[in-house]
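K.L.:
sharing a model that was predicted from the sequence below.
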Amino acid sequence: VQLQASGGGLVQPGGSLRLSCVASGFNFDQYAVGWFRQAPGKDREGISCMSNREGVTYYRDSVKGRFTISRDNAKNTVYLQMNRLEPEDTAVYYCAATRLVISLEPTMYDYWGQGTQVTVSS
């Protein structure tokens, strides 16, 4: 089982990034997926998640209207489009997958990617 996240980097406030996460080793279309982040000294927090087939999505309040999660089950890939980035969005971003209910709770997830750093700074 592997989840490989990519797309992070350094961006100025107000800029955009698109994260990708490619899954392998399990039946991706049977799993809900989520994006999480962890800033230094803080707990890991859920920011967005998406059901396996119905397209149901949840977002953390602080990213609603700025971030969009999507998935392509044919490519075993989940995306996170991040617009109007703010310095407070700086963190390591992780993708994860769960057979349980769609959730922003990290403990509900079975498989995790390695993380990709997002830094928002001028």
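P.N.:
Cool, the structure landed.
K.L.:
residue 66 against residue 80, yeah?
P.N.:
No - with contact defined as C-beta atoms under 8 Å, residue 66 does not reach residue 80; the gap is 10.7 Å. Using the backbone N, CA and C atoms, a C-beta is placed for each residue, glycine as well.
K.L.:
so between those two, which is more surrounded?
P.N.:
residue 80 (27 against 15; other C-beta atoms under 10 Å).
K.L.:
distance check, the spatially most central residue of the chain against residue 13.
P.N.:
Centrality entry for the chain: nearest residue to the mean C-alpha point is residue 35, 2.1 Å, by C-alpha atoms, centre = their mean. Distance, residue 35 to residue 13, using C-beta to C-beta, to the nearest Å: 20 Å.
K.L.:
most remote residue from the middle of this protein, which is it?
P.N.:
Within the chain, the residue lying farthest from the chain centre (C-alpha atoms, centre = their mean) is residue 122, at 23.3 Å.
K.L.:
who are the neighbours in contact with that residue?
P.N.:
Residue 122 sits next to 12, 13 when contact means C-beta atoms under 8 Å, 6 or more residues apart in numbering.
K.L.:
distance check, it against residue 41.
P.N.:
In this view, residue 122 and residue 41 are 22 Å apart by C-beta to C-beta.
K.L.:
and residue 23, by the same measure?
P.N.:
Distance from residue 23 to residue 41, counting by C-beta to C-beta: 29 Å.
K.L.:
got the CA positions of stretch 65-74 in CSV?
P.N.:
What follows is stretch 65-74 as a C-alpha-only set of coordinates in CSV (Å, rounded to 0.1, in the frame of the first residue of the first chain):
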residue,chain,number,x,y,z
GLY,A,65,-14.4,28.5,-0.7
ARG,A,66,-10.6,28.4,-1.2
PHE,A,67,-9.7,24.7,-1.4
THR,A,68,-11.3,22.0,-3.7
ILE,A,69,-10.9,18.3,-3.4
SER,A,70,-11.4,16.0,-6.3
ARG,A,71,-10.5,12.5,-7.3
ASP,A,72,-10.0,10.4,-10.5
ASN,A,73,-10.7,6.8,-9.6
ALA,A,74,-9.4,5.7,-13.1
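K.L.:
what residues of it count as buried?
P.N.:
For stretch 65-74, the neighbour count (16 or more other C-beta atoms under 10 Å) marks 67, 68, 69, 71, 73 as buried.
K.L.:
cool, thanks, talk later.
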